[in-house]
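A.B. asks: my questions are about this predicted structure, shown below with the sequence.
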Amino acid sequence: MTVHELEEKIRKLRKDYWDGNCTTPDSEYDALVEELRSIDPQNPLLVTPEHGDLKGRKKVAHAVPMLSLQKVYTEGELRKWMESVSRSPNEFFLVQPKFDGNSCHYDHGQYSTRGDGNVGEDVTDVCLAMCRQELQNGFDHKDDFYGEIVIKKSDFNTVYKNVKRDNGETFKNSRNAVAGILNADNCDFYAKQGAVLTLVDYDKYSLRMKMCEFDLKWGLFKSYISKLDYPTDGIVVKIEDPYWRENQGYTAHHPKGAMAFKFENSSAQTRLKDIEYGMGKEFITATAIFEPVNLNGVTVSRAVVPMNSKTLPCIMKGNYNLDATLTVERAGDVIPHITSVSPAPTSVFFTIDKCPFCGGEIEVLESGVRCKNDNCQRKKIHRLYDALVQLGIKNVGEATVTAICNKFASDASLYWWMFSIPTMKDKIAKLEGFGDTSAQIVIDETKRIMDTATMPQYVAAMGIPNVGIRIGTEIEKEYRTVEEFTEHTTLPRLANLDGVGTVMAQRIFNWLYNDNNMNRQSMLDLSKLFKFETHGNGEGQAVAQSVNAKGTVCFTGEMRMKRSEMQKIAKNAGYTPVNGVTKNLDLLVVADNAEWCSGKQSTAIRYGVRIMKESDFLNFCKN
């Protein structure tokens, strides 16, 4: 399937799942996702939350983001992670079931789903009507806890034999039934049939072991969890000490102090038919194309190949050649990868001694194989896609950008994209695998980022060496406008920016004033297409514009008022207070006496989130 066919199939399966109409096995859906990942690793669908908006449900902003978990698929990977976060062999870990249902937060009578991690949906009516609570051992009641809405195995095998959907059919599996019931227009339809849900506290079943006890206890724990009366698809392992667990930190996607171990691998042997090359952020990538094999009911025909030969011509690790025998495994029933290679006796090895896209010279580095030609069209397309990502484009993957540029752009650049794409709907719609809907998404997203991208995002998108959103934020503070930055910057002025210094200042200056000042002029000309926030000369005006709109706000540091009072002021001003800093946060308010660039501020700078002093925020809210 093409990238666009995969995208449409995945979107349809997600919709069917949240409508309770999906009969496709989870393993088949997972295989489609991983096939998309192997073709287009940075496709937005791979990072877009898989949840659907529940029909007509009130939105609930989570005070603490409900993040996903990072995953491993082998005991060796799990042990390696545990060792990496252990302070000693006696580090204690908690081992808990990874329930296969729908994440839920119970907070003083309100039940809400995970949603996108930051904002979920209120499902209190369904839970009050149909959901029993199963709490941590020793607790008769909890006012606030996190858990999973599931259908117990015993309930699904008995009660749900007689529970009919509105089309007269029964549910195919318990996870699908949970989604269908939560998304129903009227839960009474299922409640009257005797359908029951269970909200199980994540801490209800929590086993304890030291790092050094892994070999002794892991098998026993795994067996115990598999026999519980709940649908599970793995095991969660997390550091017991809450302080040390928090100390590991977070990404925008997951906490680093916990890990999900996914159940069971399956493997089969097949023959290699070809190698397909791609271009990553820096390095050339390779994908093995092999005779299709069936792994637990899912057909797999491709997997990523490591490109880490030390010499030229580059031979991929494992001596891949035509008709080589491959052992292919689906780790955790999800990700296909090659575990062994037996070369065919007569065929030559797959090698490259030049860039497969431009024919230019390549070099082998410790971490991969790189094309040395800066004018390589494929590299330019990847830089363009990176720039679009920095600007906040959504629902447009790299494969889409590549297809458009290969057809219409002789020299792909952000300058060409922003000037040309808004007028090209008819041309894009005629490309193979596109159509009017796909073309309109590309047009709409391009126009949207012109209207909503910030100046720090724009600066980061320019490809200036070592300049991301954090440095872009410092440039905006100093220069206020792109015109001021491109027309009146000096080396001393750049070097004085927080986090820059003389070496980076020289790099930025050299980039701006390259041959014929081309970068400087292009950056200035292109900026005129964007609607950046403008800043006035007065502090009050700048503050007002930096707040600008309702959204989420987070507070950090010891402030003159209690946190609850600050949050109340924020709510009265139209903001939704949250406790964590994510890339979707609108505003971070810091205490007037807070140490600059510590903790949440550093994270906010990395995500390009607006930051404001406590006194400025209070003055704005009064006005």
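C.D. replies: Nice, I can see it.
A.B. asks: quick one: residues contacting residue 139.
C.D. replies: By CB atoms under 8 Å, 6 or more residues apart in numbering, residue 139 lies in contact with residue 201. No exception for glycine: its C-beta is placed from N, CA and C like everyone else's.
A.B. asks: give me the secondary structure label for it.
C.D. replies: Classification of residue 139 using DSSP: H, G, I helix; E, B strand; the rest coil returns coil.
A.B. asks: now swap in the one 10 residues further on and tell me
C.D. replies: When states are read from three-state DSSP, the local structure at residue 149 comes out as strand.
A.B. asks: which helix or strand lies directly C-terminal to the helix or strand of the chain with the lowest mean pLDDT?
C.D. replies: One helix or strand of the chain scores below all others by mean pLDDT, DSSP states H and E: helix 539-547, with a mean of 38. Per DSSP states H and E, the first helix or strand lying C-terminal to helix 539-547 is strand 552-556.
A.B. asks: which neighbouring elements make contact with that following strand?
C.D. replies: Contact analysis of strand 552-556 by 3 or more CB pairs under 8 Å, 6 or more residues apart in numbering; DSSP states H and E lists helix 563-572, strand 576-577, strand 587-590, helix 600-607 as its packing neighbours.
A.B. asks: hmm, try it at 7 Å
C.D. replies: Secondary-structure packing of strand 552-556 (3 or more CB pairs under 7 Å, 6 or more residues apart in numbering; DSSP states H and E): helix 563-572, strand 587-590, helix 600-607.
A.B. asks: now do the buried residues in the longest one.
C.D. replies: So that's helix 563-572. For helix 563-572, the neighbour count (16 or more other CB atoms under 10 Å) marks 566, 567, 569, 570 as buried.
A.B. asks: equivalent analysis for stretch 200-210, please.
C.D. replies: Going by neighbour count (16+ other CB under 10 Å), the buried part of stretch 200-210 is 200, 201, 202, 203, 204, 205, 206, 207, 209, 210.
A.B. asks: isn't the third one right up against residue 146?
C.D. replies: This means residue 202. Yes. With contacts counted by CB atoms under 7 Å, residue 202 reaches residue 146, the gap being 5.5 Å.
A.B. asks: if we can go back for a sec, among the buried residues of helix 563-572, give me the pair with the biggest separation.
C.D. replies: 567 and 569 (7.3 Å; CB to CB).
A.B. asks: just to revisit the earlier point, quick one: the helices and strands packed on strand 552-556 as JSON lines, columns for distance to residue 166 and mean pLDDT too.
C.D. replies: Listed next are these as JSON lines, based on distance: least, CB to CB, whole Å; pLDDT from 0 to 100:
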{"stretch": "helix 563-572", "distance to residue 166": "39", "mean pLDDT": "82"}
{"stretch": "strand 587-590", "distance to residue 166": "43", "mean pLDDT": "85"}
{"stretch": "helix 600-607", "distance to residue 166": "42", "mean pLDDT": "70"}
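A.B. asks: of all those, which one is nearest residue 428?
C.D. replies: The closest of the helices and strands packed on strand 552-556 to residue 428 is helix 600-607. By CB to CB, the value is 30.7 Å.
A.B. asks: may I have stretch 473-484 exported as PDB, CA atoms only?
C.D. replies: Written as PDB, here are the backbone C-alpha positions of stretch 473-484 (Å, rounded to 0.1, in the frame of the first residue of the first chain):
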ATOM      1  CA  THR A 473      13.000  32.700  21.700                       C
ATOM      2  CA  GLU A 474      16.100  34.700  22.800                       C
ATOM      3  CA  ILE A 475      16.400  36.200  19.300                       C
ATOM      4  CA  GLU A 476      12.800  37.300  19.500                       C
ATOM      5  CA  LYS A 477      13.300  38.900  23.000                       C
ATOM      6  CA  GLU A 478      16.300  40.900  21.700                       C
ATOM      7  CA  TYR A 479      15.200  41.900  18.200                       C
ATOM      8  CA  ARG A 480      11.300  41.700  18.400                       C
ATOM      9  CA  THR A 481      11.000  41.400  14.600                       C
ATOM     10  CA  VAL A 482      12.600  39.300  11.800                       C
ATOM     11  CA  GLU A 483      13.400  42.600  10.000                       C
ATOM     12  CA  GLU A 484      15.300  43.900  13.000                       C
END
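A.B. asks: how far out from the middle of the chain is that stretch?
C.D. replies: Here stretch 473-484 is found 29 Å from its chain centre; the criterion is CA atoms, centre = their mean, to the nearest Å.
A.B. asks: what comes up buried for that stretch?
C.D. replies: 473, 474, 475, 476, 478, 479, 480, 481, 482.
A.B. asks: after the longest strand seen in the chain, which helix or strand is next? Please name it.
C.D. replies: The longest strand of the chain (DSSP state E) is strand 266-279. Next helix or strand after strand 266-279 toward the C-terminus (DSSP H and E): strand 284-295.
A.B. asks: how close does residue 274 get to residue 287?
C.D. replies: Distance, residue 274 to residue 287, by CB to CB, to the nearest Å: 9 Å.
A.B. asks: comparing these two, which shows the higher neighbour count?
C.D. replies: Higher neighbour count among residue 274 and residue 287: residue 287, with 15 against 11, using other CB atoms under 10 Å.
A.B. asks: what about the closest residue to the more buried one other than its chain neighbours, how many neighbours?
C.D. replies: In this structure, residue 287 finds its nearest non-sequential neighbour in residue 276, 4.6 Å apart by CB to CB, 6 or more residues apart in numbering. Residue neighbour count, defined by other CB under 10 Å, stands at 14 for residue 276.
A.B. asks: from residue 396, how far out is residue 276?
C.D. replies: Distance of residue 276 to residue 396, computed by CB to CB: 22 Å.
A.B. asks: that older thread, can I get the buried residues of stretch 200-210 in a markdown table with distance to residue 115 and pLDDT?
C.D. replies: Output for these, formatted as a markdown table (distance: CB to CB, whole Å; pLDDT from 0 to 100):
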| residue | distance to residue 115 | pLDDT |
| --- | --- | --- |
| 200 | 19 | 96 |
| 201 | 20 | 95 |
| 202 | 17 | 95 |
| 203 | 22 | 93 |
| 204 | 23 | 93 |
| 205 | 25 | 94 |
| 206 | 25 | 93 |
| 207 | 30 | 94 |
| 209 | 33 | 95 |
| 210 | 36 | 95 |
